[in-house]
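K.L.:
Here you go, sequence then predicted model.
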Amino acid sequence: MAGVKIYGMARTRAFRALWVAMELGIEFEHIPIEIGEAGAQTPEFLAINPNGRLPVIVDGDFVLFESLAITMYLARKHATGTLYPATVEGEAKTWQWSLWALNEVDRGVNIWSLHAVRLPKAEQDIAKRNEALKVIEKPFRILDAAVSKTPYLLGNDFTVADLNVAAVISRAADMVLNANRNLKAWLMRCLDRPAAKRALALKNKSDADTPDDVTRRIARINRL
């Protein structure tokens with residue numbers, strides 16, 4: 001039996017947990033729970049995560065929700081000194097960038113993706129898409145500057161800080177990023193990693209297999 005169970009469809013934020021597990025090379029079981037009443041809102045799942053959100057992991061007797069808490073927990077447990085920084089300063093910078101990604105760019109990138117790629121063409125809202133681009137314009141400039149002098153956010157080595165931010169904005173790979181060439185190069189470095197490619201393959205298949213009505217429900221539930 002796998003040591004870690006990862007709950008959530010790969011197209012959801014479970015992608016982040018899948019990527020870090022693959023990056024670490026740990027044994028895990030992926031349980032592709034769907035959003036909604038037939039999945040994350042069932043009594044059985046709510047007993048694991050009362051928020052009814054994805055992902056959640058079960059590591060032995062330990063249960064943890066919130067995707068970036070999961071990535072940092074697994075990295076710290078299995079790779080302190082490599083994927084997870086060994087110094088308190090590096091740890092703090094990892095928290096900084098992870099929280100920054102959630103607060104500054106997560107929602108904007110998701111709105112853009114829905115109204116530029118994932119929703120049926122006739123249902124895409126151009127105004128929402130353009131507003132999302134305006135919202136992420138300044139944060140993307142900040143991220144572009146942060147990776148203009150070093151290959152990765154904390155220096156020369158890829159860490160969970162890069163994984164977290166790149167996973168949050170992974171759908172920005174479909175954007176035209178000519179104004180943020182450093183960001184684009186950094187994002188491609190992160191997403192070209194073997195573990196990222198394997199996780200992205202699961203995510204892309206999950207996207208392709210998602211019916212339009214589920215995508216509409218995602219947009220409605222998350223007010224996107």
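P.N.:
Structure's in. What do you need?

K.L.:
packing partners for the helix or strand containing residue 58?
P.N.:
Using DSSP states H and E, residue 58 sits in strand 56-59. Contacts defined by 3 or more C-beta pairs under 8 Å, 6 or more residues apart in numbering; DSSP states H and E place strand 56-59 against strand 4-7, strand 62-65, helix 67-79. Every residue, glycine included, has its C-beta placed from N, CA and C.

K.L.:
Can you name every helix or strand that the longest one contacts?
P.N.:
With contacts defined as 3+ C-beta pairs under 8 Å, 6+ apart, the packing partners of helix 67-79 are helix 14-24, strand 56-59, helix 88-100, helix 160-168.

K.L.:
Could you pick out the longest helix of the protein?
P.N.:
Ranked by residue count under DSSP state H, the longest helix found in the chain is helix 126-146.

K.L.:
just checking, what packs against that one?
P.N.:
helix 106-113, helix 181-191.

K.L.:
Nearest to residue 147, out of those?
P.N.:
helix 181-191 (4.0 Å; C-beta to C-beta).

K.L.:
Which parts of the helix or strand just after the closest one count as buried, going by neighbours?
P.N.:
Sequence-wise, the next helix or strand downstream of helix 181-191 (DSSP H and E) is helix 194-209. Counting neighbours by 16 or more other C-beta atoms under 10 Å, one finds that the buried residues in helix 194-209 are 195, 196, 199, 200, 202, 203, 206, 207.

K.L.:
show me what contacts residue 10?
P.N.:
Neighbouring residues of residue 10 by C-beta atoms under 8 Å, 6 or more residues apart in numbering: 18, 30, 32, 199, 202, 203, 205, 206.

K.L.:
try 7 Å
P.N.:
If you count contacts by C-beta atoms under 7 Å, 6 or more residues apart in numbering, residue 10 has them with 18, 32, 202, 203, 206.

K.L.:
Could you work out the end-to-end span of stretch 161-180 for me?
P.N.:
Separation of the first and last residues of stretch 161-180 by C-alpha to C-alpha, to the nearest Å is 19 Å.

K.L.:
May I see the buried residues of that stretch?
P.N.:
The neighbour-count check on stretch 161-180 (16+ other C-beta under 10 Å) flags 161-172, 175, 177, 180 as buried.

K.L.:
Equivalent analysis for stretch 30-44, please.
P.N.:
For stretch 30-44, by 16+ other C-beta under 10 Å, it's 30, 31, 32, 33, 34, 35, 39, 40.
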